[in-house]
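1. Sequence first, predicted coordinates after that:
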Amino acid sequence: MRKKLLNKTLRIYVLFSILILIISAPVFYFLTESLYIDDANEALLLRKNEFIKYSVPAMKLSDIDVWNKVNRDIKIEQPTIKLTKDSVFYKFYLDTLANENEPYRVLLTPVIIDNNLYHLKARINLVESEDLIKNIALLFFIILALLLTGLFFITKRLSSRLWEPFYAVLYQIEQFEIDKTTPTKSIETSIEEFYRLSTSINHLIERNTQIYQGQREFVENAAHELQTPLAVFQAQIEMFMQHPDLTTDQAEILTKLTDSSARLNRLNKNLLLLSKIENSQFVDKEKLSLNKVIEKQLDFFTEQAEEKNISIKKEINSETIVFSNPALTDILISNLLLNAIRHNIQDGQVIVTLNQNNLIVSNTGAGQAISADKLFQRFAKTNPSSKGSGLGLSIVKRISDLNNWTVQYSFDKDFHSFTVKF
Amino acid sequence: MKILLIEDEKELAKSTIDYLQSNDIICEHAGDVKSAISKVASYDYDCVLLDLMLPDGDGFRILAELKKLEKTDGIIITSAKDTLDTRLEGLKLGADDFLTKPFHLSELLARIQALVRRKQFNGKNLVRFNEIEVDVLSKTVKANGKSIDVTKKEIDLLLYLIGNNNKVLSKAALAEHLSGDMADMLDNHGFIYAHIKNLKKKLSDAGCNDYIKTVYGLGYKWQG
């Protein structure tokens, strides 16, 4: 599946942000916590040192009970375990006010009071610190999230603005059709790369259009220029034909020459027609009755069909009116009918179906379908020995295109069909 | 009959002149606009064959000149340039017919004859050949005074054959003549055989001589 360029960059961006958030939140939490524990340890150590320095020298054994009564967080206890140095650890104590266990940091250290060994137990409640850490972590998380989403939207907007000229160029390329002359316009942009893209594409389009125009003119000029020598050629053959002492051999050669010259002539006329269509020399359109066009041509084609004993069947119900150029419509229909007769078999059939949406010309012929992909291309003859010019169907296609009609080939139950959809 | 051929292509001009002269048509030739204008100004022609692209200018200038001189010469434009605009412009300037190059000489001759017949029209438009009489207007054929029932196409064919008396006509030329606008499409001349056969039969049934000869595989010839 293809994604938009912008979405692709943003997706990576979003993934990165989420990853950073997920990793950074616990890291931040544990880091703050360990900092706070260090802090608590230091505070406990300070209390111990103060106690040893200021309280111990003045303290008597009888003072211990009083001390323990007054101080909640520094207590003097009878040693229960053997302790040689400071011991720091966590411990939960029941908070009688809130009636729940609360975490404490506890320092246990041996002290000598009045030459007796006691253990000093100093503790710090960690409840507040935990809340603090949680709050800090949350705040951090929110700020980071805000930052990242903010950046995301800014990047998105900025990128789509930045890429705007690119999409404009893209649209221009998509809309480009070589046989339609739409003027190219360069896209205004301050970004150098896009400016280069736009100008080089415009350049490309202009060059291609020029070359295409040149080709078109060449075909028309070539076809035109060929007419005079063709006329000379044909006239000379005709003069030769009048020779009084023509032998059979000569007559045979002359027959081939006349056939070839007729074929050359037809080819040239079709080429000329095609280039005239492409040079928009048939632009005038009017309302036409296709029924009348078909009727007009059927006489001629019925005569043409007689030789192969082909029957032409009409399936026409109502009158179909189209908006098209009359000369081209004639050509379209005659090309289709001629095609249906030319590629037909002895005792074959041609069916002309006309309704409001379609014109279908079907004919019997070769037993299998012809490959449809090259059918409408110039000189794409399936049968190289055929006398056709190889241009008939591409003319049909061009005329259909010109009217925004579609033309399709299909093969079904021994019938080759060409469907023109209006 | 006297005609003026205005054509700069020498070989084509020569063939055309040869063909027309062997049909008893006096044919003069001009290769450019200047000599053409001086010729049409000095003489009257039954028909002027006009090529449009000439070395020293546009053939339309000759048409305009003819119109200015109020000449009634029939004019057939024979040009390679065949667009709707050219045709309209030609007709507007008084041309009677338009024949696109390349054309068959036999077709050109038939067109000249048809045009001259129209121009010299005096109530009747008859073509006679020995015992055969064709009324071009009413599309009827009489042989030895008796009407023959022929189709439109057969009359067309008959006129073409008679007009090109003693000339070998290729099947292609006959087919193109008979199919008119559809000629460009044509790649099969088989239907000509059927028409010739029918015409031959109808003429011989009416007691006519057998004028239509087959020339090897090449075509047909009206031999009087």
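-> Thanks, I have it. Worth saying up front: this structure is predicted, and the values here are computed from it rather than measured. Residues are numbered from 1 along each chain as shown, chains lettered A, B, ... in the order given.

2. ok, now which ones touch the nearest residue to residue A:363 once chain neighbours are set aside?
-> Nearest residue to residue A:363 in three dimensions, chain neighbours excluded: residue A:340, at 3.7 Å (C-beta to C-beta, 6 or more residues apart in numbering or on different chains). The way it works is simple: take the backbone N, C-alpha and C, and place the C-beta from them, glycine included. Residues counted as contacts of residue A:340 (C-beta atoms under 8 Å, 6 or more residues apart in numbering or on different chains) are A:350, A:361-363, A:416, A:418.

3. Swap in 10 Å and give it another go.
-> A:301, A:305, A:310, A:312, A:348-352, A:361-365, A:415-418 (C-beta atoms under 10 Å, 6 or more residues apart in numbering or on different chains).

4. What is the neighbour count of the closest residue to residue A:187 other than its chain neighbours?
-> Counting by C-beta to C-beta, 6+ apart, residue A:187 lies nearest to residue A:198, which is 4.3 Å off, once chain neighbours are set aside. The number of residues packed near residue A:198 is 22, by other C-beta atoms under 10 Å in any protein chain shown.

5. Ok, residue A:262 next?
-> 24.

6. just the helices in the stretch 301-422 of chain A please.
-> Assigned by DSSP state H, counting those that start in this stretch, the stretch 301-422 of chain A shows helices spanning A:326-342, A:392-402.

7. brain fart, chain A
-> A:5-50, A:63-70, A:127-175, A:192-241, A:248-278, A:290-306, A:326-342, A:392-402 (DSSP state H).

8. could you dump those to a markdown table with mean pLDDT and distance to residue B:49?
-> Listed next are the helices of chain A as a markdown table, based on pLDDT from 0 to 100; distance: least, C-beta to C-beta, whole Å:
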| stretch | mean pLDDT | distance to residue B:49 |
| --- | --- | --- |
| helix A:5-50 | 85 | 68 |
| helix A:63-70 | 86 | 140 |
| helix A:127-175 | 83 | 50 |
| helix A:192-241 | 88 | 12 |
| helix A:248-278 | 87 | 19 |
| helix A:290-306 | 87 | 28 |
| helix A:326-342 | 89 | 26 |
| helix A:392-402 | 89 | 31 |
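
9. Now do stretch B:61-70: distance to the chain's middle.
-> 23 Å (C-alpha atoms, centre = their mean, to the nearest Å).

10. any idea how far the residue nearest to residue A:194 when sequence neighbours are not counted is from chain B?
-> Excluding its sequence neighbours, the residue lying closest to residue A:194 (C-beta to C-beta, 6+ apart) is residue A:165, at 4.1 Å. For residue A:165, the distance to chain B equals 44 Å [C-beta to the nearest C-beta, to the nearest Å].

11. same check, this time on residue A:359
-> In terms of C-beta to the nearest C-beta, residue A:359 sits 18 Å off from chain B.

12. Beta-bridge partners for that residue, please?
-> On the basis of DSSP bridges, residue A:359 is bridged to residue A:354, residue A:420.

13. show me where pLDDT drops low in chain B?
-> When residues are selected by pLDDT under 70, those of chain B lie in B:121-124, B:181, B:183-187.

14. now the helices for it?
-> Under DSSP H, chain B gives helices at B:10-21, B:33-42, B:60-68, B:84-92, B:105-119, B:152-163, B:171-179, B:190-205.

15. from the ones you listed, which stretch is densest packed?
-> helix B:171-179 (a mean of 23; mean count of other C-beta atoms under 10 Å in any protein chain shown).

16. Alpha carbons of that helix, in PDB - could you do that?
-> Output of helix B:171-179 as PDB, limited to C-alpha atoms (Å, rounded to 0.1, in the frame of the first residue of the first chain):
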ATOM      1  CA  LYS B 171     -11.200  -2.100 -61.900                       C
ATOM      2  CA  ALA B 172     -10.000   0.300 -59.200                       C
ATOM      3  CA  ALA B 173     -11.000   3.300 -61.300                       C
ATOM      4  CA  LEU B 174     -14.400   1.800 -61.900                       C
ATOM      5  CA  ALA B 175     -14.900   0.900 -58.300                       C
ATOM      6  CA  GLU B 176     -13.900   4.300 -57.100                       C
ATOM      7  CA  HIS B 177     -16.100   6.000 -59.600                       C
ATOM      8  CA  LEU B 178     -19.100   3.900 -58.500                       C
ATOM      9  CA  SER B 179     -18.600   4.300 -54.800                       C
END
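
17. so what's residue A:226 up against?
-> Here residue A:226 is in contact with A:233, A:264-265, A:267-268, A:271-272, B:80, B:101-102 (criterion: C-beta under 10 Å, 6+ apart).

18. Redo those as CSV? Include neighbour count.
-> Formatted as CSV, those follow (neighbours: other C-beta atoms under 10 Å in any protein chain shown):
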residue, neighbour count
A:233, 19
A:264, 17
A:265, 25
A:267, 18
A:268, 20
A:271, 20
A:272, 22
B:80, 20
B:101, 25
B:102, 24
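
19. residue contacts, residue 208?
-> Chain wasn't specified; assuming chain A. Residue A:208 neighbours (C-beta under 10 Å, 6+ apart): A:176, A:178.

20. I was thinking of chain B, sorry if that wasn't clear
-> So residue B:208 contacts B:129-132, B:141, B:143-144, B:148, B:200, B:202 (C-beta under 10 Å, 6+ apart).

21. same question, residue A:345
-> A:308-310, A:363-367, A:414.

22. Which among those count as buried?
-> A:310, A:363-365 (16 or more other C-beta atoms under 10 Å in any protein chain shown).

23. Make JSON lines out of the helices of chain B and add distance to residue A:56.
-> Output for these, formatted as JSON lines (distance: least, C-beta to C-beta, whole Å):
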{"stretch": "helix B:10-21", "distance to residue A:56": "138"}
{"stretch": "helix B:33-42", "distance to residue A:56": "138"}
{"stretch": "helix B:60-68", "distance to residue A:56": "134"}
{"stretch": "helix B:84-92", "distance to residue A:56": "125"}
{"stretch": "helix B:105-119", "distance to residue A:56": "140"}
{"stretch": "helix B:152-163", "distance to residue A:56": "142"}
{"stretch": "helix B:171-179", "distance to residue A:56": "134"}
{"stretch": "helix B:190-205", "distance to residue A:56": "136"}
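
24. what would those helices look like in TSV with distance to chain A?
-> Listed next are the helices of chain B as TSV, based on distance: least, C-beta to the nearest C-beta, whole Å:
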stretch	distance to chain A
helix B:10-21	4
helix B:33-42	17
helix B:60-68	18
helix B:84-92	8
helix B:105-119	5
helix B:152-163	8
helix B:171-179	4
helix B:190-205	4
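
25. what about stretch A:81-99, how long is it end to end?
-> Terminal residues of stretch A:81-99 are spaced 29 Å apart (C-alpha to C-alpha, to the nearest Å).

26. Many thanks, have a good one.
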